[in-house]
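S.K.: below is the sequence, then the predicted model.
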Amino acid sequence: MKRRLFALTTTAAALTLALAGGAAFAQTKWDLPAAYPATNFHTENLVQFAADVDKASAGKLKITVHGNGALFKAPEIKRAVQGGQAQAGEILLVNFQNEWPLFGVDGLPFLADSYDASQKLAKAQKPFLEKKLAEQGMALLYTVPWPTQGIFAKKVINSGADLKGVKWRAYSPSTARIAELVGAQPVTVQAAELSQAMATGVIESYMSSGSTGMDTKTYESLKYFYDTQAWLPKNAVIVNKAAFDALDASTKQAVLKAATDAEVRGLAASKKTNADSLDKLKANGMNVLPPSPQLKADMKKVGDVMLKEWLEKAGPEGKALIDAYNKP
């Protein structure tokens with residue numbers, strides 16, 4: 001009888017442990033690699049997204065954000081999510097333009113030259129993006145634009161002609177092509193060397209956001225910033241489709257709701273970062289100016305040439321995207 005009681009007790013204990021183990025396994029853990037530091041508004045938004053998912057799923061899904069390239073470097077994140085090494089991740093879409101031209105549509109200069117235009121372009125791009133990611137075993141959660149890109153210059157720039165012969169920082173094929181089209185002198189300078197290049201006169205002009213201007217203390221060497229709002233590249237938060245499909249219905253809904261909220265919050269944060277950066281540049285003696293009508297028209301012509309070149313690479317799919325964007 002004692003043996004039988006002992007056996008029953010042991011079985012009950014084992015069952016209790018099994019049930020406890022089952023409860024522990026009910027919690028799902030995701031890794032979400034990102035390229036930017038914890039203080040960047042994109043990363044802050046990701047952390048809030050993860051917290052919202054945790055709360056809405058009652059702790060069933062825990063997402064750990066790995067910022068600053070700690071888990072995977074920027075170029076590796078998309079492949080990591082696609083291959084299931086990370087369940088989700090944040091990427092700069094334009095970085096993958098060589099893989100598929102439509103990833104880089106928001107990097108085309110002067111195609112979408114305001115936050116409103118950028119949002120319209122994002123809406124036109126979204127179905128193409130979702131289709132491509134689905135083909136690659138992934139899904140799109142949300143996108144957030146970076147602050148607008150403008151022209152920093154040592155001298156007054158009233159037209160495209162004023163950039164002729166100017167030593168212009170080129171840090172990508174796009175920025176090098178802009179230099180060629182306006183007759184500037186492209187000089188390859190990486191971000192880490194930018195401050196020194198300006199201080200020593202290696203470059204006299206470049207295009208970037210106001211936040212880059214603050215980070216590099218551009219105001220110490222260049223005195224003019226023309227807020228051309230040339231392009232607003234987007235970060236996209238993507239998820240491995242198999243990982244998402246493995247979630248229960250209520251947890252899926254928690255992720256999608258948190259993603260919708262993160263997109264709205266991220267856009268507001270981008271606008272605030274943009275405005276704050278321009279205010280700080282002004283406070284440090286930078287002349288922050290709108291582009292003259294002539295400069296805007298000249299740079300739009302540059303954008304038109306680059307759009308034509310992009311369409312030749314992107315083919316019918318690219319044309320369909322641009323047609324959707326241009327619809328009233």
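M.R.: Alright, I've got the coordinates. Residues are numbered from 1 along each chain as shown.

S.K.: so where's this protein uncertain?
M.R.: Residues of the chain meeting the criterion pLDDT under 70: 1-25.

S.K.: and the residue nearest the centre of the chain?
M.R.: Compute the mean C-alpha point of the chain, and by C-alpha atoms, centre = their mean the closest residue is Asn235, 1.8 Å away.

S.K.: assumed that one was part of a strand.
M.R.: Yes: remark: Asn235 belongs to a strand, assigned using DSSP: H, G, I helix; E, B strand; the rest coil.

S.K.: hey, what's it bridged with?
M.R.: With DSSP bridges as the criterion, Asn235 is bridged to Leu92, Val144.

S.K.: Trp168: which element?
M.R.: Per DSSP states H and E, Trp168 falls inside strand 167-170.

S.K.: can I get that strand in PDB, CA atoms only?
M.R.: Provided in PDB are the C-alpha atoms of strand 167-170 (Å, rounded to 0.1, in the frame of the first residue of the first chain):
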ATOM      1  CA  LYS A 167      34.000  69.700 -53.500                       C
ATOM      2  CA  TRP A 168      31.000  67.500 -52.700                       C
ATOM      3  CA  ARG A 169      31.000  64.600 -50.200                       C
ATOM      4  CA  ALA A 170      29.900  61.400 -51.900                       C
END
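
S.K.: which strands and helices sit next to it?
M.R.: helix 173-182, strand 185-188, strand 205-209 (3 or more C-beta pairs under 8 Å, 6 or more residues apart in numbering; DSSP states H and E). In this view, the C-beta of every residue, glycine as well, is placed from N, C-alpha and C.

S.K.: still on that earlier bit, now do the contacts for the residue nearest to the centre of the chain.
M.R.: His42, Glu90, Ile91, Leu92, Leu93, Thr143, Val144, Pro145, Trp146 (C-beta atoms under 8 Å, 6 or more residues apart in numbering).

S.K.: quick check: the gap between it and Ala283.
M.R.: Separation of Asn235 from Ala283 (C-beta to C-beta, to the nearest Å): 28 Å.

S.K.: Phe152 now?
M.R.: According to C-beta to C-beta, Phe152 and Ala283 sit 16 Å apart.

S.K.: name the residue in those two with the higher neighbour count.
M.R.: Taking other C-beta atoms under 10 Å, Phe152 and Ala283 do not tie; Phe152 has more neighbours (27 against 10).
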